[in-house]
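Novice: Pasting the sequence and the predicted coordinates here, then a few questions.
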Amino acid sequence: MTDIVGSNDLTAITPASTSTGECSHAGAGVTVATFNLLGAGHTDKNAAGGSTRPDFPTWKKRLPGAMTALQSAGVSIAALQEVHPPQAKALAGDYAGTWGMFPLDGDAQNRVIWDSTAWTLTTGQLVQIPYFDGKEVGMPLVQLTSTTTGQSIWVWSIHNPADAYGNAAALRAEALRRQHATLSDLAAAGTPVVIAGDFNDARDGNGSSHCQLTPTLTNAFGGSVDPCTEPTEDAAVDHIYGANLSWASARVDSSVQTAKISDHPLVVATTASNNTACTMQPAGYNLGPVQPQLARLVGVLGPMFGIQNVGGYRESAHDPNGHPSGLAADFMVPLTAAGKQQGNALADYARSHAVQLGIDYIIWYQRIWSADRAGEGWRPMEDRGNDTENHRDHVHINALPAAAVDSTADVTQGCSEVVYPVPEQYVGSDQHNWHSSGSSWSSWHTGTDFSMPCGTPVYAAHAGTIEIDTTQSWAGPYLVKITTGATSLATWYAHMETVTVSRAQTVAAGDQIGTTGDLGNSRGCHLHFEVHLENGSIYGPDNVDPSGWLAENAKGDVTARTARRDVGGQEEHNHAA
């Protein structure tokens with residue numbers, strides 16, 4: 001039976017945990033689409049013998065073309081709108097061998113469909129959203145799990161009301177408010193989230209989805225960061241937004257309109273290849289799809305105390321904010337005197353360094369210690385009947401949802417390797433001008449410059465969380481920072497022409513974050529790139545030579561590529577001294 005989530009029950013949607021999956025760094029991106037099919041009721045003869053769109057063929061002639069267009073575009077998940085009863089029946093019957101669908105039955109005019117060889121349905125709900133005349137309509141929100149990687153993704157197909165029945169702007173505003181609130185809750189768990197559909201917001205200005213859903217989510221066509229700006233080349237009302245992922249490409253296919261398949265275009269977007277299928281792993285451990293802060297924590301404590309067996313993600317566990325959320329690790333020790341001593345040493349060190357390691361609580365030997373009640377020390381727990389349940393053969397450590405890790409921790413992350421922030425052909429354009437002095441800079445040059453044409457892709461040099469600073473005029477409208485913690489590695493990217501990520505978004509190494517520009521105090525198209533080992537200030541002692549840092553840490557041997565040097569792209573900072 002389909003779950004119905006009412007307008008007062010949005011918080012009742014609990015993010016389901018992701019399924020166990022191996023890190024698949026080479027995995028392909030996920031291609032999603034939104035497509036308004038043009039409902040059968042608009043093109044087929046009604047009781048009076050006519051139709052509202054007599055210039056279009058009947059649904060039966062149009063639907064095969066719609067499904068062919070989706071398959072030709074390589075779509076594996078699609079949000080559909082205006083799926084009237086005969087179209088829904090055909091999808092559930094004629095296309096059931098290829099596509100899964102939610103909901104399978106009922107009157108919902110929105111559906112989510114997916115390639116059944118690539119995805120399985122984990123959970124699905126109809127979430128109530130105000131539609132024409134304020135009527136509450138259930139719109140499908142599903143969680144799908146990849147059959148190859150085990151990674152999960154939330155997808156929501158929506159259709160906000162148009163002005164066909166009066167001025168529906170207030171209803172659209174309420175719909176966006178509910179959509180934003182629900183998606184924010186889902187995204188907080190770290191799982192990729194997508195909302196796609198017919199937003200009917202072309203005339204809503206600052207009330208449009210471009211402004212209201214960002215920067216929590218990003219539009220597949222980029223833009224839409226503070227201040228709110230419309231993405232370029234986006235469809236008028238058909239949009240795709242996402243969180244906890246990066247977009248590699250997006251396009252609008254208007255051929256379906258020309259062919260009279262629908263009166264809406266097919267909008268298609270593909271995620272970056274390594275973002276939804278890859279979980280960071282510390283060297284020597286396979287924790288499953290855990291959160292990055294836990295991976296770092298294990299990478300510090302495991303080797304330090306000689307513990308080789310560490311359990312991470314476990315869907316069947318009963319601590320929803322622990323193992324199923326990728327925030328808990330079990331450090332296994334033998335049931336011997338030496339094992340107890342080993343566990344004591346680990347637990348004591350973890351308590352002493354809880355702030356640096358981002359620890360929420362520790363359970364060991366039938367006792368619990370938590371950071372928020374640190375003054376109480378160890379607190380006794382009830383006897384649960386055996387050594388495992390009483391945590392005598394393992395130290396359980398739970399990480400905070402947004403933990404900062406000590407920057408001195410030596411953690412190798414299999415999916416967060418360092419890469420050059422520019423395309424390979426421009427690696428040799430590095431000016432090696434860190435710490436240069438002269439009239440171009442008020443003190444000294446705090447980064448290095450890569451010269452390349454405006455509009456060239458800029459990539460995340462490592463995994464982390466996006467920060468966007470709009471107060472640094474020298475950098476242009478946006479100074480983008482990728483951080484890994486309050487006192488750990490951060491890299492800065494300046495003078496960019498476009499920014500394709502949003503605040504608080506997580507990115508993987510190599511994800512595109514924008515394009516190069518000539519904005520701010522700049523002379524020529526280039527990327528200004530800085531490295532701060534402890535997330536310090538612009539002139540702080542942790543600001544290191546980015547050229548040397550990249551040469552030491554970036555993946556691959558670039559010695560041969562650095563021979564080519566471009567002398568353009570110098571800049572002026574005029575930083576405060």
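Specialist: Cool, got the structure.

Novice: Check the secondary structure at V256 for me.
Specialist: Using DSSP: H, G, I helix; E, B strand; the rest coil, the structure places V256 in helix.

Novice: measure it to G358 for me?
Specialist: Distance of V256 to G358, computed by CB to CB, to the nearest Å: 48 Å. Just so you know, the C-beta spots here come from the backbone N, C-alpha and C atoms, and that holds for glycine as well.

Novice: same check, this time on I368
Specialist: Distance from I368 to G358, counting by CB to CB: 18 Å.

Novice: which of the two has more neighbours?
Specialist: Just comparing I368 and G358: by other CB atoms under 10 Å the higher neighbour count belongs to G358, 23 against 17.

Novice: and the more buried one, what pLDDT?
Specialist: We note a pLDDT of 86 for G358 in this prediction.

Novice: quick one: it and A169, what's the gap?
Specialist: 43 Å.

Novice: How about A187?
Specialist: 26 Å.

Novice: Between the two, which is the more surrounded one?
Specialist: Set A187 next to A169 and count neighbours by other CB under 10 Å: A187 wins out with 22 against 16.

Novice: pretty sure the more buried one contacts A181?
Specialist: No. Applying CB atoms under 8 Å as the test, A187 and A181 come out as separate, 11.0 Å apart.

Novice: Show the residue spans covered by the strands in the stretch 351-500 of the chain.
Specialist: For the stretch 351-500 of the chain, the strands defined by DSSP state E, counting those that start in this stretch occupy 359-363, 367-370, 379-380, 394-399, 448-451, 457-459, 464-469, 479-483, 490-494, 498-499.

Novice: show me the contacts for the residue nearest to V137 when sequence neighbours are not counted.
Specialist: Once flanking residues are discounted, V137 sits nearest to Y131: 4.1 Å by CB to CB, 6 or more residues apart in numbering. By CB atoms under 8 Å, 6 or more residues apart in numbering, the contact set of Y131 is V137, H159, N160, P161, L171.

Novice: which one of the residues you listed sits closest to L301?
Specialist: Nearest to L301 among those is N160, at 48.0 Å by CB to CB.

Novice: what's the distance between T484 and H532?
Specialist: Counting by CB to CB - T484 and H532 are separated by 10 Å.

Novice: Touching both of the two, which residues are there?
Specialist: By CB under 8 Å, 6+ apart, T484 and H532 have these common neighbours: A490.

Novice: So for A187 and A181, which residues contact both of them?
Specialist: With CB under 8 Å, 6+ apart, A187 and A181 have no common neighbours.

Novice: which one is the spatially most central residue of the chain nearest to, not counting chain neighbours?
Specialist: Of all residues in the chain, the one closest to the mean position by CA atoms, centre = their mean is N244, 1.2 Å from it. Excluding the flanking residues, the one nearest N244 by CB to CB, 6+ apart is P192, at 4.7 Å.

Novice: Quick check: that neighbour touching I153?
Specialist: Yes. Between P192 and I153 a contact is recorded at 4.4 Å, counting by CB under 8 Å.

Novice: now, which of the contacts of Y131 sits nearest Q291?
Specialist: Using CB to CB, the contacts of Y131 come closest to Q291 at N160, 32.7 Å.

Novice: per-residue pLDDT, that closest one?
Specialist: 95.

Novice: What separation do you get for it and G514?
Specialist: From N160 to G514 the distance is 29 Å (CB to CB).

Novice: Check P215 too.
Specialist: Distance, P215 to G514, by CB to CB: 13 Å.

Novice: Those two - which one has more neighbours?
Specialist: Shown here are P215 and G514; by other CB under 10 Å, G514 has more neighbours (22 against 18).

Novice: quick one: contacts of the strand or helix carrying the more buried one?
Specialist: Applying DSSP states H and E as the criterion places G514 in strand 512-515. If you take CB under 8 Å, 6+ apart as the criterion, strand 512-515 is touched by 222, 246-248, 272, 454-460, 466, 478, 480, 482, 493, 496-501, 507.

Novice: if we go to 7 Å?
Specialist: 246, 248, 272, 455-460, 480, 493, 496-501, 507 (CB atoms under 7 Å, 6 or more residues apart in numbering).

Novice: mind checking the backbone torsions on the residue lying closest to D234 once chain neighbours are set aside?
Specialist: Computed as CB to CB, 6+ apart, the closest residue to D234 that is not its neighbour in sequence is F221, at 4.3 Å. Main-chain dihedrals, F221, degrees, to the nearest 10: phi -100, psi 10.

Novice: Check the burial of F221 by counting its neighbours.
Specialist: Residues near F221, counting by other CB under 10 Å, number 24.

Novice: do F305 as well
Specialist: By the criterion of other CB under 10 Å, F305 has 17 neighbours.

Novice: what do you get for A202?
Specialist: Residues lying near A202 (other CB under 10 Å) number 12.

Novice: burial count for the nearest residue to it once chain neighbours are set aside?
Specialist: In space, and not counting its chain neighbours, A202 is closest to A236: 4.6 Å by CB to CB, 6+ apart. Using other CB under 10 Å, A236 has 14 neighbouring residues.

Novice: Spell out the secondary structure type for A236.
Specialist: Of the three states, A236 takes coil under three-state DSSP.

Novice: is it true that it touches R203?
Specialist: No. Using CB atoms under 7 Å as the test, A236 is too far from R203 to be in contact (9.6 Å).

Novice: Quick check: end-to-end length of stretch 501-511?
Specialist: Stretch 501-511 stretches 10 Å from its first residue to its last (CA to CA, to the nearest Å).

Novice: same check, this time on stretch 302-319
Specialist: 22 Å.

Novice: What mean pLDDT does that stretch get?
Specialist: Here the average pLDDT along stretch 302-319 is 81.

Novice: What residues sit buried inside that stretch?
Specialist: Neighbour-count burial for stretch 302-319, counted by 16 or more other CB atoms under 10 Å, picks out G302, P303, F305, I307, V310, G311, G312, Y313, R314.

Novice: again, but for stretch 492-502
Specialist: Of all the residues in stretch 492-502, those buried under the rule 16+ other CB under 10 Å are W492, Y493, A494, H495, M496, E497, T498, V499, T500, V501, S502.

Novice: Kindly give the local confidence score, pLDDT, for the first one.
Specialist: Put plainly, it is W492. On the pLDDT scale, W492 gets 97.

Novice: Good, wrapping up.
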